[in-house]
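# can't give you the sequence, but here's the structure:
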Ligand SMILES: NC(=O)c1ccc[n+]([C@@H]2O[C@H](COP(=O)([O-])OP(=O)(O)OC[C@H]3O[C@@H](n4cnc5c(N)ncnc54)[C@H](OP(=O)(O)O)[C@@H]3O)[C@@H](O)[C@H]2O)c1
């Protein structure tokens, strides 16, 4: 039976204490070798997806640069269409296919702003983005695999709604701490350990001081 949604891989680099950025928003936790691994993975998937705050904090390109390969489609979750015109993602969207997912809450002004760029705008959801509906729409656009590259709020939404299949984390040799530093998974979280998804450790790979852990969701 064909799946009604794309295959979803959650991906992040975390410190040993589970943070994906410092309290000031610094998030470069990967090594050179790990970036090559990540970019090889990017080249194999149909799309990369991130949340709005990751665009605001990191201003990423989300392209394949540390290896040869095709750029996947870039998808940003931005309910109100707030990402800045000067963000790298909007500035490069004539070269790299880009989807901005918004909700019906988007203002006319922000919609007009986005429409000036050669991006595809997908409206999915009333006040916030309905991930299930968005994934269905992405499936109909022949997107079969999506690499979700954070941040913590987006990760929680995919976990809570049971909309992921794999998790690949790079455990980086840092201890960051900070009550306000973003963790791999944000949101309300579970009250019981038994509520956590069941994960099977598929493989481990040591890249010098970094450890790449791949899990399958059962
Ligand atoms: N180390 C790593 O691998 C890594 C990777 C990525 C990011 N990061 C770090 O993570 C931090 C950002 O994480 P974050 O948790 O603050 O934000 P985030 O997950 O990047 O973005 C969350 C925002 O996305 C928007 N959104 C729209 N629809 C959503 C939906 N259905 N589910 C969830 N979010 C939705 C929401 O804003 P609206 O309501 O306005 O739409 C929400 O506040 C940054 O500091 C970045 O550096 C680290």
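Ah, there it is. Quick caveat, the model's predicted, so the values are computed rather than measured.
# quick one: stretch 210-218 near the ligand?
No. Using C-beta under 6 Å from any ligand atom, stretch 210-218 stays clear of the ligand, coming no nearer than 12.1 Å. Quick note: C-beta positions are derived from backbone N, CA and C, even for glycine.
# mean confidence for that stretch?
Averaging pLDDT along stretch 210-218 gives 98.
# again with stretch 7-18
Confidence over stretch 7-18 (mean pLDDT, whole number) is 98.
# which bits of the protein sit near the ligand?
Proximity of the chain to the ligand is confined to 12-13, 20-21, 25, 27, 29, 50-54, 57-58, 77-80, 82, 128-129, 131, 149-154, 157, 182, 186 under the rule C-beta under 6 Å from any ligand atom.
# which of these fall within helices?
Those of the residues of the chain next to the ligand mapping onto helices are 52, 53, 54, 57, 58, 131, 152, 153, 154, 157, per DSSP state H.
# which one of these sits closest to residue 201?
Lowest distance from residue 201 to those (C-beta to C-beta) belongs to residue 152, with 21.5 Å.
# phi and psi next, for the nearest residue to that closest one once chain neighbours are set aside.
Once flanking residues are discounted, residue 152 sits nearest to residue 186: 3.5 Å by C-beta to C-beta, 6 or more residues apart in numbering. Torsion angles at residue 186 (phi, psi; degrees, to the nearest 10) stand at phi -100, psi -150.
# how about the contacts made by residue 186?
By C-beta atoms under 8 Å, 6 or more residues apart in numbering, the contact list for residue 186 reads 151, 152, 153, 155, 156.
# repeat that for residue 43.
With C-beta under 8 Å, 6+ apart, residue 43 has these contacts: 64, 67, 68, 69, 70, 71, 72.
# test my guess that residue 85 contacts residue 113.
Yes. Contact between residue 85 and residue 113 holds when scored by C-beta atoms under 8 Å: they sit 6.5 Å apart.
# ok, these two, which is more surrounded?
residue 113 (17 against 10; other C-beta atoms under 10 Å).
# A strand includes that one, no?
No. Read with DSSP: H, G, I helix; E, B strand; the rest coil, residue 113 is helix and lies in no strand.
# which residues touch it?
With contacts defined as C-beta under 8 Å, 6+ apart, the neighbours of residue 113 are 81, 85.
# and it, how far is that from the ligand?
14 Å (C-beta to the nearest ligand atom, to the nearest Å).
# mean confidence (pLDDT) on the longest helix along the chain, please.
For the chain, the helix that runs over the most residues, judged by DSSP H, is helix 32-44. In this model, helix 32-44 carries a mean pLDDT of 98.
# where does the prediction get shaky in the chain?
Applying pLDDT under 70 to the chain flags the ranges 1-2.
# which stretches in it count as strands?
Using DSSP state E, the strands of the chain run over residues 7-15, 47-51, 73-77, 98-102, 120-123, 145-148, 166-172, 199-207, 210-217.
# what's the angle between the third one and strand 98-102?
Put plainly, it is strand 73-77. With axes from the mean of the first three to the mean of the last three C-alpha atoms, to 10 degrees applied, the angle from strand 73-77 to strand 98-102 works out at 20 degrees.
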